[in-house]
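1. The following block contains a protein sequence and its predicted model.
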Amino acid sequence: MLNFENTKLRRMVVHQVGNRGKMEGVKYSKTAHTIKDDYVRDLLMMYFTKPFDGNIMYQFRHDADLNLNEVYTYVRKVFEDYNDLYDQSVNIANHLYEKSNHPKIKKGELYIVEFAGCQVDDEICNAIGIFKSENKDKFLKVYQKDDDFEIDFEDGINIHKLDKGCIIFDTEKENGCKVVTVDKLNPTGEAAFWKDEFLHLQPIPDDYYLTRNYMEIVKEFSKLHFNPENDVEEFTKDRREQIDFNSKAARYFEEKENFDLDDFASEVIGEPEVVEEFKAFKEGFEDDFKVPELAPSFVLNEDAKKEVSKKFRSVLKLDRNFHLYVHGGSELLEKGYDEKRKMNYYKIFFNEEN
């Protein structure tokens, strides 16, 4: 959990970083700045901190040695001596420029910001923020001239649209710090170099992360295993079986306090051969998305569980005319085919209409 209510923005350095592939270069500011105007400082705090919810925490990584991660090393030096903020901001700007080769990466302002008094879970700590603004919006400007009004426009940064950013907290430094990150422009796109190429981050496998990933695995497995249009014959199942599976999975995540892979397999899946398919699917998911091996048992996170209804919504979409939302009791659905109309149908049994 993050709380920036009592956080202070101490100093900030602004550089301009271009696209290396286009040879746009880096323009450096001369020094770190202290923002003296309270209103401007409040606007900057909102711009820098509002996009972060803190649900998914990351940490720096490196395949060989964590100390070889450039951003981690530069930021640690600042944590050791905050007088080093400007020099390390230059190193961070140069490192970002070296990674900015994709043609979709735009030239923009890079902000390296010193924060004090951040709350991460139950800990109060300092932090370094790294943010980049790439897009400019047009803003109308209305002003009075003589006895009339004139309208003009200016290009500027929309304080409600942070393009890219991360906040690195001065905690758990030996394990790669705690980090939150956002990339509004390219959350999953081909130019999403921010998290992987520039920062080299990996998720911290806490309860929130594990709960979300297991729910995603179950959801995707359900699509593959029960999709009646799937060409793989052994995966073809009746739609009602999928509804039953989704309902059982949703109840498991909603009602249980702890997740256990074997317990889930027994209660929700049941059939031994399907259990093996599910475990193989989980391993494939980890490989495909480069997810560290997920722990087989953990405490289910209450915040992540709020997404259960979205993950396991069972909807029968019948042409463009009807959507049936099924929350359970698929045995009360009877599917048939009308020879006269040459159409499929569902018969629904119920006791009373609410």
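-> Yep, that arrived. Numbering: from 1, shown residues only.

2. which one's the longest helix in this structure?
-> helix 207-226 (DSSP state H).

3. That helix packs against which elements?
-> With contacts taken as 3 or more CB pairs under 8 Å, 6 or more residues apart in numbering; DSSP states H and E, helix 207-226 sits against helix 239-255, strand 258-260, helix 272-288, strand 297-299, helix 302-305, helix 308-311. C-beta here means a position set from N, CA and C on the backbone, and glycine is covered the same way.

4. Not counting the third one itself, show me its contacts.
-> Which is helix 272-288. 213, 216-217, 220-221, 224-225, 261, 265, 269, 291-294 (CB atoms under 8 Å, 6 or more residues apart in numbering).

5. May I see the PyMOL selection of the buried members of those residues?
-> Burial among those is assessed by 16 or more other CB atoms under 10 Å; the matching PyMOL selection reads:
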select buried, resi 213+217+221+225+261+265+269+291+294
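
6. farthest pair in the contacts of helix 272-288?
-> His225 and Pro292 (24.4 Å; CB to CB).

7. coming back round to it: looking at the helices and strands packed on helix 207-226, which is buried most?
-> Of all these, helix 239-255 carries the top mean neighbour count, a mean of 19, counting by mean count of other CB atoms under 10 Å.

8. Give me the distance from the top strand by length along the chain to the chain's centre.
-> Identified as the longest strand of the chain according to DSSP state E is strand 108-120. From the chain centre to the centre of strand 108-120 is a distance of 19 Å (CA atoms, centre = their mean, to the nearest Å).

9. same thing with stretch 133-142?
-> Centre to centre, stretch against its chain (CA atoms, centre = their mean), the figure for stretch 133-142 is 26 Å.

10. ok, now stretch 302-317?
-> 17 Å.

11. With stretch 154-169 instead?
-> With CA atoms, centre = their mean as the basis, the mean position of stretch 154-169 lies at 16 Å from the chain mean.

12. can you pull out the helices in the chain?
-> Under DSSP H, the chain gives helices at 38-49, 70-80, 85-99, 193, 207-226, 239-255, 261-264, 272-288, 302-305, 308-311.

13. how much space between the closest residue to Tyr28 other than its chain neighbours and Lys132?
-> Computed as CB to CB, 6 or more residues apart in numbering, the closest residue to Tyr28 that is not its neighbour in sequence is His15, at 5.2 Å. Separation of His15 from Lys132 (CB to CB, to the nearest Å): 10 Å.

14. Settle it for me: which of those two has more neighbours?
-> Legend: neighbour count by other CB atoms under 10 Å for His15 and Lys132, higher for Lys132 (26 against 21).

15. Does that one touch Leu110 like I think?
-> Yes: at 5.1 Å, Lys132 counts as touching Leu110 under the criterion of CB atoms under 8 Å.

16. For the two, list the residues in contact with both.
-> Joint contacts of Lys132 and Leu110 (CB under 8 Å, 6+ apart) are Val17, Leu96.

17. show me what contacts the nearest residue to Asn158 once chain neighbours are set aside?
-> Leaving out its chain neighbours, the residue that sits closest to Asn158 by CB to CB, 6+ apart is Asp137, at 4.5 Å. Contacts for Asp137 (CB under 8 Å, 6+ apart) come out as Asp155, Gly156, Ile157, Asn158, Lys161.

18. So what pairs up with Asp137 in the strands?
-> Gly156 (DSSP bridges).

19. how much space between it and Glu109?
-> In terms of CB to CB, Asp137 sits 14 Å off from Glu109.

20. what residues do the two have in common as contacts?
-> Ile157.

21. Excluding residues flanking it in the chain, which one is nearest Lys164?
-> Lys132 (4.5 Å).

22. what does Gly18 give?
-> That would be Glu24: by CB to CB, 6+ apart, it lies 2.4 Å from Gly18.

23. Touching, that neighbour and Lys107? I think so.
-> Yes: the criterion here is CB under 8 Å, and Glu24 meets it with Lys107 at 5.1 Å.

24. shared neighbours, those two?
-> In contact with both Glu24 and Lys107: Gly18, using CB under 8 Å, 6+ apart.

25. and Tyr337, what does it touch?
-> Met343, Asn344, Tyr345.

26. contacting residues for the first one?
-> With contact set as CB under 8 Å, 6+ apart, Met343 has these partners: Tyr337.

27. Report the residue ranges of every domain in the chain.
-> 2-203, 207-348 (automatic domain parsing).

28. Please state the offset of the first one from the chain centre?
-> In terms of CA atoms, centre = their mean, the gap separating the centre of domain 2-203 from the centre of its chain is 17 Å.
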